[in-house]
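Peer 1: sequence first, then the predicted structure:
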Amino acid sequence: MILASNLTTPDFGTIVWTTIIFLLLLALLRAFAWKPILQAIKAREESIKGSLESAEDAKREMERLKADNEAIMQEAREERDELLRDARDARDKMISEAKKQAREESDKLISKARTGIEREKKMAINDIRTQIASLSVEIAEKILNEKLKGSKEQNDLIEKLLDDMDLKEN
Amino acid sequence: MKFRYVFPILVITFGLIALTPVEAEGRQGQTEQTEQKHEATEGHNEENEKEEFSAREFIFDHIGDSHQWHIFTMPDGHHVNLYLPVILYSKSSGFHIFSSKKLSHGNTHENFMLAEEGEYAGEITELDAEGNIKEDLPLDVSITRNVASMMFVAVLLLFLFIGLARSYRKTGVSAPKGIQGFLEPIVLFVRDDIALPNIGEEKYGRFMPYLLTVFFFILFNNLLGLIPVIPGGSNVTGNIAVTFTLAFFSMVMINVNGSKAYWKDIFNTPGVPWWLKFPIPLMPVVELIGVIAKPFALMIRLFANITAGHIVVLSLVALIFIFDSLAVAPLSIFMVIFMDILELLVAFIQAYVFTLLTALFVGLAVQEHH
């Protein structure tokens, strides 16, 4: 039977074994477990800290680069705008010059054509006039020839002509 | 790697100690108390109905130490025990190592006998030529149930934490995986919530191995004590010798690392009238009592908490046999489960408190100035 008093009396054998087991456990765990574990945890914590710091650095660098990029972009945009404006101006100038030249050319051509037409017209009118004169003489000849074939007709005509003349004189 | 061999050697040693003496034992000597107790535990007490059930014996048998480890009782009443080695040193006949089976049922081996009653109840005694018990007991350094339990915990801890240490070689600095996810938070808890705040940034590293070992040793022994079957069931951290040894190591850790300021506080306490120190050194005596009282409190606290828990659980189980009625069983079992859950919490709290107070005292001792 084990008495209650045994519970509060440390047993020598148990003390000896506890000491041996505990010290052995402490030595083994210290060498093969706690040191590598704590080192590994520390290494990880440091790597996390380092990673966070470098991430922060990278973020800052990114922001700087972004700002730089923005400036470069702005510059490029301005340059582009300028180039575009220059190009537009040059184009406008070229177009207006070409227009002007074309107008002058066309004006010159038109006036030349006009004088040519005028001359041709005059020549044509003169031609028509001479032709009309000769045609009318011819027609008159033919009519007269036709009309003066019979005496009656001739007389009638003379009569008529004479009548007309009388009327005109009055 | 040297430590590759450490683990197998320990396993083999422990295995040899543990496994060789396992033997099924026939039922003989119904009147023997060990039998009765095991009967009571396993609920096979129908045959012993005439003999009165002793809750006191039942409880003290379980919270005390023993030279054998009960494994189970077969349906026909045979007990299967693990007979642990008995190691004795007698002044007259020197060292003796033999299996505790040879002392079972009151047998005598090499003139040694396990006293069952009287002055030396529970102790191994040496008999003289006439068969009388000798006055001076042989020194008993047997591997008892508690010692075997501690060995098991030590092997378990080595296996777990050397495995954990190895796993870091694989995972490197990446996120914790597998067993790391379970054990690492506890290790970090000991470091960040026990060691760092109490000892301080510069000096905590030196004490981490001790604090971690003591924490996990107590925690695993506490938890194993809650398991009623082998390899659990022993009351290691509720054994005064074990808590005494652990508290003694804590005392060594505290005082060996004491700073000049710490010793000055003890022998020449500042802020105290001189006549309290000279000619009668009242304050130094009080302070020296404090040096002893701190680890003494550690020893008693752990011992009392764990033993009390075991006693309450066993008492609740004993209710069934005291009332000798199955009707009590549901209530009793419900209460036991409740207590076991509470004890689970206590297992953590006591490991935490022991480690925390050690760290606190160490922190106070290593402080250079106030």
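Peer 2: Looks like it arrived, so ask away.
Peer 1: which strands and helices lie in contact with the single longest helix found in chain A?
Peer 2: The longest helix of chain A (DSSP state H) is helix A:35-147. The contact analysis (3 or more C-beta pairs under 8 Å, 6 or more residues apart in numbering or on different chains; DSSP states H and E) places helix A:35-147 against helix A:151-169, helix B:145-171, helix B:179-189, helix B:204-226. Glycine gets a C-beta too; all of them are placed from N, C-alpha and C.
Peer 1: in JSON lines: the ones you listed, plus mean pLDDT, mean neighbour count and distance to A:Lys142.
Peer 2: As requested, those are exported to JSON lines (pLDDT from 0 to 100; neighbours: other C-beta atoms under 10 Å in any protein chain shown; distance: least, C-beta to C-beta, whole Å):
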{"stretch": "helix A:151-169", "mean pLDDT": "75", "mean neighbour count": "10", "distance to A:Lys142": "15"}
{"stretch": "helix B:145-171", "mean pLDDT": "90", "mean neighbour count": "20", "distance to A:Lys142": "133"}
{"stretch": "helix B:179-189", "mean pLDDT": "89", "mean neighbour count": "15", "distance to A:Lys142": "135"}
{"stretch": "helix B:204-226", "mean pLDDT": "93", "mean neighbour count": "22", "distance to A:Lys142": "148"}
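Peer 1: got a markdown table for the ones you listed, with distance to B:Ser93 too?
Peer 2: Putting the helices and strands packed on helix A:35-147 into a markdown table (distance: least, C-beta to C-beta, whole Å) gives the following:
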| stretch | distance to B:Ser93 |
| --- | --- |
| helix A:151-169 | 196 |
| helix B:145-171 | 23 |
| helix B:179-189 | 47 |
| helix B:204-226 | 34 |
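Peer 1: just checking, what packs against the longest helix anywhere in chain B?
Peer 2: For chain B, the longest helix by residue count, based on DSSP H, is helix B:282-323. Helices and strands touching helix B:282-323, by 3+ C-beta pairs under 8 Å, 6+ apart, are helix B:33-42, helix B:55-63, helix B:204-226, helix B:240-256, helix B:260-267, helix B:329-366.
Peer 1: what about 7 Å?
Peer 2: helix B:55-63, helix B:204-226, helix B:240-256, helix B:260-267, helix B:329-366 (3 or more C-beta pairs under 7 Å, 6 or more residues apart in numbering or on different chains; DSSP states H and E).
Peer 1: dump those into CSV; add distance to chain A as well.
Peer 2: Listed next are those as CSV, based on distance: least, C-beta to the nearest C-beta, whole Å:
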stretch, distance to chain A
helix B:55-63, 5
helix B:204-226, 4
helix B:240-256, 4
helix B:260-267, 23
helix B:329-366, 13
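Peer 1: the inter-axis angle of the longest helix of chain A versus helix B:204-226?
Peer 2: Put simply, helix A:35-147 runs at 100 degrees to helix B:204-226, going by axes from the mean of the first three to the mean of the last three C-alpha atoms, to 10 degrees.
Peer 1: got the angle for helix A:35-147 vs helix A:151-169?
Peer 2: Using the same axes, to 10 degrees: helix A:35-147 against helix A:151-169 is 110 degrees.
Peer 1: could you give the average pLDDT over helix A:35-147?
Peer 2: For helix A:35-147, the mean per-residue pLDDT is 92.
Peer 1: which residues are in contact with the nearest residue to B:Thr355 once chain neighbours are set aside?
Peer 2: Spatial nearest neighbour of B:Thr355, chain neighbours left out: B:Phe215 (4.2 Å); criterion: C-beta to C-beta, 6 or more residues apart in numbering or on different chains. By C-beta atoms under 7 Å, 6 or more residues apart in numbering or on different chains, the contact set of B:Phe215 is B:190, B:351, B:355.
Peer 1: is the first one in contact with B:Thr355, as I believe?
Peer 2: Same thing as B:Val190. Yes. Contact criterion C-beta atoms under 7 Å: B:Val190 and B:Thr355 qualify, at 6.5 Å.
Peer 1: between the two, tell me which one has more neighbours.
Peer 2: Neighbour count, other C-beta atoms under 10 Å in any protein chain shown: between B:Val190 and B:Thr355, B:Thr355 has more, with 28 against 24.
Peer 1: and the gap between that one and B:Ile162?
Peer 2: Distance, B:Thr355 to B:Ile162, using C-beta to C-beta, to the nearest Å: 21 Å.
Peer 1: quick one on the thing from earlier: between B:Val190 and B:Thr355, which contacts overlap?
Peer 2: With C-beta under 7 Å, 6+ apart as the test, B:Val190 and B:Thr355 both reach B:211, B:215.
Peer 1: flag every residue of the stretch 101-250 of chain B that's near chain A.
Peer 2: When proximity is defined by C-beta under 7 Å from any C-beta of the partner chain, the stretch 101-250 of chain B lies next to chain A at B:116-117, B:121-122, B:139-144, B:146-147, B:150-151, B:154, B:157-158, B:161-162, B:164-165, B:168, B:173, B:184, B:187-188, B:208-210, B:212-213, B:217, B:239-242, B:244-246, B:249.
Peer 1: tally of neighbours for the closest residue to B:Lys91 other than its chain neighbours?
Peer 2: Nearest residue to B:Lys91 in three dimensions, chain neighbours excluded: B:Asp136, at 6.6 Å (C-beta to C-beta, 6+ apart). Using other C-beta under 10 Å, B:Asp136 has 10 neighbouring residues.
Peer 1: same thing with B:Ala129?
Peer 2: Neighbours of B:Ala129 using other C-beta under 10 Å come to 6.
Peer 1: any idea which element it lies in?
Peer 2: Using DSSP states H and E, B:Ala129 falls within no helix or strand.
Peer 1: need the pLDDT of it.
Peer 2: Per-residue confidence (pLDDT) for B:Ala129: 73.
Peer 1: does the closest residue in space to B:Phe321 that isn't next to it in sequence count as helix, strand or coil?
Peer 2: Leaving aside its chain neighbours, B:Phe321 sits nearest to B:Phe53 (4.6 Å; criterion: C-beta to C-beta, 6+ apart). What DSSP: H, G, I helix; E, B strand; the rest coil gives for B:Phe53 is coil.
Peer 1: mind checking how far B:Phe53 is from B:Leu326?
Peer 2: Distance from B:Phe53 to B:Leu326, by C-beta to C-beta: 15 Å.
Peer 1: compare the two (neighbour count), which wins?
Peer 2: Using other C-beta under 10 Å as the criterion, B:Phe53 and B:Leu326 rank with B:Phe53 on top: 20 against 9.
Peer 1: surely that one touches B:Phe323?
Peer 2: No. Judged on C-beta under 7 Å, B:Phe53 makes no contact with B:Phe323 at a distance of 9.9 Å.
Peer 1: so what sits against both of the two?
Peer 2: Common neighbours of B:Phe53 and B:Phe323 (C-beta under 7 Å, 6+ apart) do not exist.
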